[in-house]
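> Here is a sequence together with a model predicted from it:
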Amino acid sequence: MSDKGRGEAGLVQLLDADGVRVSTTENATYRDRVAHLTGDDLRGMYRDLVLTRRFDDEATALQRQGELALYAQSRGQEAAQVGSASALAPQDYVFPSYREHGVLHVRGVDPIERLRLFRGQDHGGWDPAEHNAHLYTLVLGSQALHATGYAMGVQRDGLVGTGDPTRDTAVVVYFGDGTTSQGDIHEAMVFAAVNDAPTVFFLQNNQWAISEPTTRQSKVPFADRGLGYGIPSVRVDGNDVLACYAVTLEALERAHSGGGPTLVEAFTYRMGAHTTSDDPTRYRERDEEEYWRRRDPLDRLAAHLRAEGEWDEAWAAALEAEAEALGERMRVEVRTLGAPPTAAMFENVYATPHATVADESAWLAEYEQDVTEASR
């Protein structure tokens with residue numbers, strides 16, 4: 001079994017499972033970091049949660065209909081993703097794994113572009129420089145090394161610790177509990193720690209590494225591992241969007257100022273399957289799923305908005321219509337994506353011209369011309 005409730009001690013929490021504000025001595029610093037958020041800000045976060053889930057549900061349906069080759073669901077992890085991404089400065093850079101649909105939504109990556117990889121259309125679908133968000137990562141763990149290297153680069157470019165909030169840059173890398181078993185994570189944390197690289201390691205502990213529970217992955221909370229590298233670490237309720245925002249904001253402030261890396265463990269739950277090739281009923285129990293369903297991050301923020309008088313029925317109806325329109329757009333546009341030309345495999349492989357790629361591209365062009373002429 002997964003941790004269920006036994007691993008929830010010591011989590012930073014600002015909204016409980018019923019959407020009620022949590023006020024303790026321990027979370028005072030984090031409460032201060034969300035004090036500036038207005039009703040409009042909270043409704044904006046809720047909108048991002050709703051649209052992320054609708055994207056997730058529609059993409060799952062498209063895969064079941066044969067329109068996508070594979071899809072990795074993020075249902076249940078929306079608060080961890082939207083909360084953390086909402087804390088980013090425009091110049092900060094994101095390295096996702098393959099499940100960070102909410103992060104990419106907040107960064108403005110078009111929903112159809114996010115699906116091109118899962119349809120086998122191209123390597124990723126968007127220009128990372130346009131959104132300061134790297135492509136999805138399928139070789140798990142490698143994104144942590146990429147993020148740390150990028151962070152060391154901006155550090156050496158003088159974009160850390162200047163005191164200018166429009167210049168100081170941090171890097172956030174997202175990964176799951178299963179990925180912590182990869183050697184790349186260890187190497188990235190070593191480099192980040194000894195170089196004081198402005199890296200935020202955002203670990204989404206969703207309780208399961210495919211079918212392996214966290215109890216088979218670590219005998220201590222994952223955040224404790226950061227202490228061994230000399231990296232400040234914090235555990236947060238990953239279904240609490242406000243707490244995820246607050247702890248990420250603190251970590252980014254440390255990185256921007258030159259204080260080095262932080263490890264954030266967001267304690268959450270993957271409510272769906274690992275991917276559309278997975279059947280979680282073979283290894284998860286129904287009572288565990290029900291336990292986490294009662295902690296749904298969308299329901300929690302909705303309850304809070306209602307309790308605070310920030311819920312408006314007309315606004316909610318408009319949001320529902322927006323989500324429906326997103327689903328309709330995905331159904332229409334994904335089906336109209338044509339097969340890419342074969343030569344596209346040679347594009348965007350290297351940043352600069354590469355002799356081997358150029359030779360192979362020329363060979364393919366000549367081969368296709370020969371085939372065309374032979375068929376006449």
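Looks like it arrived, so ask away. Numbers count the residues shown, from 1 in each chain.
> C-alpha from now on. contacts and neighbour counts both.
Will do.
> For residue 217, give its distance to residue 177.
8 Å (Cα to Cα, to the nearest Å).
> whoops, I mixed them up, residue 198
Residue 198 sits 22 Å away from residue 177, going by Cα to Cα.
> More neighbours: the two, which one.
Between residue 198 and residue 177, counted using other Cα atoms under 10 Å, residue 198 has the larger neighbour count: 37 against 23.
> and the nearest residue to that one once chain neighbours are set aside, what does it touch?
The shortest distance from residue 198 to any non-neighbouring residue, by Cα to Cα, 6 or more residues apart in numbering, is to residue 255 (4.3 Å). Residues in contact with residue 255 (Cα atoms under 8 Å, 6 or more residues apart in numbering) are 160, 169-170, 197-200, 261-262.
> low-scoring stretches of the chain, by residue?
Low-confidence segments of the chain (pLDDT under 70): 1-7.
> which secondary structure elements does the longest helix along it contact?
Secondary structure assigned by DSSP state H gives helix 39-64 as the longest helix of the chain. The contact analysis (3 or more Cα pairs under 8 Å, 6 or more residues apart in numbering; DSSP states H and E) places helix 39-64 against helix 78-86, helix 101-106, helix 297-307, helix 313-336.
> so it versus helix 297-307, what angle?
Angle, helix 39-64 to helix 297-307, by axes from the mean of the first three to the mean of the last three Cα atoms, to 10 degrees: 150 degrees.
> which parts of helix 39-64 are buried?
Within helix 39-64, the residues scored as buried using 16 or more other Cα atoms under 10 Å are 42-43, 45-63.
> would you say residue 204 is within a strand?
Yes. Inclusion of residue 204 in a strand is indicated when DSSP: H, G, I helix; E, B strand; the rest coil is applied.
> list the contacts for it?
With Cα under 8 Å, 6+ apart, residue 204 has these contacts: 77, 80, 174-177, 238, 265-268.
> Just send those residues back as CSV, with secondary structure too.
Listed next are those as CSV, based on three-state DSSP:
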residue, secondary structure
77, coil
80, helix
174, strand
175, strand
176, strand
177, coil
238, coil
265, strand
266, strand
267, strand
268, coil
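> Phi first, then psi, for the residue nearest in space to the middle of the chain.
In the chain, the centroid-proximal residue (Cα atoms, centre = their mean) is residue 100; its distance is 2.7 Å. For residue 100, the backbone dihedrals (degrees, to the nearest 10) come out as phi -90, psi 60.
> Apart from its neighbours in sequence, what residue is nearest it?
Nearest non-adjacent residue to residue 100, counting by Cα to Cα, 6+ apart: residue 81, 6.6 Å away.
> any idea which of the contacts of residue 255 is the one closest to residue 8?
residue 262 (19.9 Å; Cα to Cα).
> Would you mind measuring from that closest one to residue 173?
Counting by Cα to Cα - residue 262 and residue 173 are separated by 11 Å.
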